[in-house]
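Student: Below are the sequence and a predicted model; questions follow.
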Amino acid sequence: MIPIRVKIIKDAVHGDIECSGLEMEIIDSPQFQRLRKIGQLGLSDLVYPSANHTRYEHSLGVMHLAGKIGHSLDLPEKDTKLIRIAGLLHDIGHLPFSHTLESVLSNGADHLHETNAINIIETDFSELFEKHDIDKDAVKDMIIGKGKYGNILSSGVDIDKLDYLTRDSYFTGVAYGVIDLSRLMHIATVDDGIFAFHEKGLRTIESVILARFMMFSAVYDYTTKRTAERMLFHALDAMDRRSLNITKLLKIDEVDFLSTLRQQDGYTKDIIDRIDKRHIFKTARIITKNDLSTEHVAKCLEIKDSIYQLKRIENTIAKELNIPKGYLILDIMDYPKGIENINIKKYNGDIVKLKDISALSRSLMRQRWQDWRVSFLCPKEYRQIVKEKAKNLFLKCL
């Protein structure tokens, strides 16, 4: 149970969210209030106009689900308190435009926000945690998916995903993310530090995997959103790195940062203007997994996470086709993942992986892999020449 209730926050997804005194101290801090203007879904509002929800309400939702799962698992009150705090703070380190800017600053990696969160807890919340006798290290471990309860916050099906799938579905108007949260809470188990779901709820877990698959197709990997975010990535990458200081970025929100971007000149200004006016690059050519050898697919996945290699190939193709630098963009999809770390507790007590007992989950993963692609993006005036010649030039660069 939560300590003495001091405040209720009304939430569109979960209804009443109860907050303790300590939680309100965290919520009312400048570091947490900044999340009010850090978007949850990047540039998805270019496609879904109501997708303007933020990491602020998402973090509240994750904290709420942490309390519900702690109660369902009958965890000690002190442990539930820690999981709630970890849920509340897990996104505190996100920069403006979250994963896009994070990829620029970490050369394609995607965990900078976790490092930022750990540093913020250490520098800004240590005194508060000490005052309330909170195990700071346990909270930090949970945020990076470690420790006794780390998988509750970070795994194939965790409280983070359960909130954002439900929330993203609600605010985009896409109905695929509807999840039976109550049932999930009741089939969750923790044995010897292993977070799992009971086999009797297998169909409920499969429904989450299906919802996630459908949300990727309809929202997270929607072409216009991905294209706009690749454009934003290139606009940010073209900026002077001195203007992208992480310490300073963690003190501003997306409203502040957009103002800065609109004051840039040259390429960055042009790309931001295009995004503002929704003049999004077009998809000129797509290469699928079936168009490439196994070696070429492996090379694509390797260069995807290297800004240097990606830009080298983009610039080489653009030069060959007389396209201005920066106006041919490659979008290489991630290797599909998501069900590798879902534990199922069988009726006999054994712990197995979902993919080992669920034909549906394996089928969805195969389909996600079939949907993998490399897209060539450019302004419409270059679309025809890219469509005709980019594939062969790309293969020569691999």
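Tutor: Noted; the coordinates are in hand.
Student: What are the buried residues along the helix or strand hosting Asp273?
Tutor: Using DSSP states H and E, Asp273 falls within helix 266-276. Neighbour counts over helix 266-276 (16 or more other Cβ atoms under 10 Å) mark Tyr267, Thr268, Asp270, Ile271, Ile272, Arg274, Ile275 as buried. C-beta here means a position set from N, CA and C on the backbone, and glycine is covered the same way.
Student: what's the answer for stretch 126-135, then?
Tutor: Quick answer for stretch 126-135 (16+ other Cβ under 10 Å): Phe129, Ile134.
Student: what distance separates that stretch from the centre of its chain?
Tutor: Distance, stretch centre to chain centre, for stretch 126-135: 29 Å (Cα atoms, centre = their mean, to the nearest Å).
Student: Would you mind measuring the gap between the ends of it?
Tutor: 10 Å (Cα to Cα, to the nearest Å).
Student: Report all helices and strands that the helix or strand that contains Ser259 contacts.
Tutor: In this assignment (DSSP H and E), Ser259 forms part of helix 254-262. For helix 254-262, the packing partners by 3 or more Cβ pairs under 8 Å, 6 or more residues apart in numbering; DSSP states H and E come out as helix 266-276.
Student: Nearest residue to the middle of this protein?
Tutor: Nearest to the mean C-alpha position of the chain, by Cα atoms, centre = their mean, lies His99 at 6.8 Å.
Student: Name the residues of the biggest helix by length in the chain that are buried.
Tutor: Counting by DSSP state H, the longest helix found in the chain is helix 55-72. With burial defined by 16+ other Cβ under 10 Å, the residues of helix 55-72 counted as buried are 55-70.
Student: Next up, the contacts around Ile26.
Tutor: By Cβ atoms under 8 Å, 6 or more residues apart in numbering, the contact set of Ile26 is Phe32, Ile85, Leu88, Leu89, Phe125, Leu128.
Student: try 6 Å
Tutor: Ile26 sits next to Phe32, Leu88 when contact means Cβ atoms under 6 Å, 6 or more residues apart in numbering.
Student: Quick check: it is in a strand.
Tutor: No. Per DSSP: H, G, I helix; E, B strand; the rest coil, Ile26 lies outside any strand segment and is helix.
Student: For the stretch 51-200 of the chain, give me the ranges with low pLDDT.
Tutor: 108-110 (pLDDT under 70).
Student: let's see 90
Tutor: 106-111, 156, 175-178, 191-194 (pLDDT under 90).
Student: could you pull out the strands for it?
Tutor: 188-191, 194-198 (DSSP state E, counting those that start in this stretch).
Student: Next: the stretch 201-350 of the chain.
Tutor: Using DSSP E, counting those that start in this stretch, strands in the stretch 201-350 of the chain cover 282-288, 329-332, 343-345.
Student: mind checking which of those is nearest Asp371?
Tutor: strand 282-288 (8.4 Å; Cβ to Cβ).
Student: Now that closest one: buried residues?
Tutor: Buried residues in strand 282-288 (16+ other Cβ under 10 Å): Lys282, Thr283, Ala284, Arg285, Ile287.
Student: is it possible to export those residues to a markdown table including distance to Arg242 and pLDDT?
Tutor: As requested, those are arranged in a markdown table below (distance: Cβ to Cβ, whole Å; pLDDT from 0 to 100):
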| residue | distance to Arg242 | pLDDT |
| --- | --- | --- |
| Lys282 | 33 | 98 |
| Thr283 | 34 | 98 |
| Ala284 | 34 | 98 |
| Arg285 | 36 | 98 |
| Ile287 | 37 | 97 |
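Student: Would you point out the most distant pair within the residues you listed?
Tutor: Longest span within those, Cβ to Cβ: Lys282 and Ile287, 15.8 Å.
Student: how does this structure divide into domains?
Tutor: According to automatic domain parsing, the chain comprises the domains 7-221+336-365, 223-335+370-397.
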